[in-house]
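Colleague: next input, structure requested:
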Amino acid sequence: MDEKDWIAGAAKALAIIEAFDEEHARMTPTAVAARAGLSRTAARRYLLTLHELRYVDTDGKLFWLAPRVLRLGQSYLDSARLPRTVQPFLQRITATVQETALVAILDEHDVVYVARNGVNRAMAVGFVLGSRAPAPLSSAGLVLLAFQAPESIEQWLASYPIKVFTPHTYSTIERLREVLGEIRRNGYVVTDQQLELGVRGVAVPLRDRHGAVVAAISVSMPIGDESAKAALHRVLPTLQETASLLRNLV
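Modeller: Model (predicted):
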């Protein structure tokens, strides 16, 4: 990017918004400044501007994100071509296998779910639209990682902080590397209880017409009494067929 086209103020405003998370939901300007890499004075000015624009709220001491921030994510979901293109196909997956169907993309260390179609039952499982999760903890995230260039995978693994959520979570970089290799060879993945006990995921890559992996299609389901092999036999053909049908559309 040409340096003269860079607008530092826009980057700093977004850094302020991204400084807030589950562990830092309400912060002073000093805390925001530390997380955003700004001076306290600059952080305070940005926070006051964002407050005027109704993207943050404040009690005069602490600041927190306001609901208006959700417009940013909704604008992507409303305008991006991928979510709109895949939605009818997710409905078809759900009708066929009676499980929650999702499409996800990779964003640094996280997977982000940009399209979803759920089943009609009281306790449907799966991520909600727009949710994020550490990539190795979901079937979609593992697929997206596995089909990157080998050097990109190694760079990603070197920077990833392992997070263990269940006794089944892949807890070492070595094990993750093995799993990614298996996925690349097989062309799909089935995961059990990586993030949440009792939940299974199956995913395949979604390629564009040039063969590049642009997203992952997955289903999420309760494990119940069904074996991983039986679940794979039941849902994998539908996922693979859907990925093939979408290849010239995304």
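
Colleague: domain boundaries for the protein, per the record?
Modeller: 3-69, 80-246 (automatic domain parsing).

Colleague: show me how far the longest one is from its chain's centre.
Modeller: Right, the one you point to is domain 80-246. 10 Å (Cα atoms, centre = their mean, to the nearest Å).

Colleague: sticking with the closest residue to Leu137 other than its chain neighbours, tell me its helix or strand.
Modeller: Closest residue to Leu137 apart from its sequence neighbours, by Cβ to Cβ, 6 or more residues apart in numbering: Leu195 at 4.0 Å. C-beta here means a position set from N, CA and C on the backbone, and glycine is covered the same way. Using DSSP states H and E, Leu195 is not contained in any helix or strand.

Colleague: now the domains of the chain in JSON lines, with mean neighbour count?
Modeller: Shown next, in JSON lines, are these (neighbours: other Cβ atoms under 10 Å):
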{"stretch": "domain 3-69", "mean neighbour count": "14"}
{"stretch": "domain 80-246", "mean neighbour count": "18"}
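
Colleague: Throw those domains into a markdown table and include mean pLDDT, thanks.
Modeller: A markdown table is the format used below for the domains of the chain (pLDDT from 0 to 100):
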| stretch | mean pLDDT |
| --- | --- |
| domain 3-69 | 94 |
| domain 80-246 | 92 |
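
Colleague: just to revisit the earlier point, pretty sure the residue nearest to Leu137 contacts Ala133?
Modeller: Yes: if you go by Cβ atoms under 8 Å, Leu195 and Ala133 touch, sitting 6.1 Å apart.

Colleague: tell me who's in contact with Phe127.
Modeller: By Cβ atoms under 8 Å, 6 or more residues apart in numbering, the residues touching Phe127 are Leu102, Ala104, Tyr113, Arg116, Ala133, Ser138, Ser220.

Colleague: assumed the third one was part of a strand.
Modeller: Yes: secondary structure of Tyr113, determined by DSSP: H, G, I helix; E, B strand; the rest coil: located in a strand.

Colleague: go ahead and confirm it touches Val128.
Modeller: Yes: between Tyr113 and Val128 there is a contact at 7.3 Å, judged by Cβ under 8 Å.

Colleague: Ser218: which element?
Modeller: Element membership for Ser218 (DSSP H and E) is strand 213-222.

Colleague: show me what that strand is packed up against.
Modeller: Where contact means 3 or more Cβ pairs under 8 Å, 6 or more residues apart in numbering; DSSP states H and E, strand 213-222 is packed against helix 81-97, strand 100-107, helix 139-146, strand 199-207, helix 228-246.

Colleague: relative to strand 213-222, how tilted is the last one?
Modeller: I take that to be helix 228-246. Relative orientation of helix 228-246 and strand 213-222, computed by axes from the mean of the first three to the mean of the last three Cα atoms, to 10 degrees: 140 degrees.

Colleague: contacts for helix 228-246 next, please.
Modeller: For helix 228-246, contacts defined as Cβ under 8 Å, 6+ apart pick out 85-86, 89, 92-93, 96-97, 99, 187-188, 190, 192, 200, 202-207, 217-219, 221, 223, 226.

Colleague: ok, stretch 160-168 next?
Modeller: With Cβ under 8 Å, 6+ apart as the criterion, stretch 160-168 contacts 109, 134-137, 169, 171-173, 176, 192-197.

Colleague: make it 6 Å
Modeller: His109, Pro134, Ser171, Gln193, Leu195, Leu197 (Cβ atoms under 6 Å, 6 or more residues apart in numbering).

Colleague: what residues are bridge-paired with the second one?
Modeller: The residues paired with Pro134 through beta bridges, assigned by DSSP bridges, are Asp110.

Colleague: any idea how far it lies from Leu142?
Modeller: According to Cβ to Cβ, to the nearest Å, Pro134 and Leu142 sit 11 Å apart.
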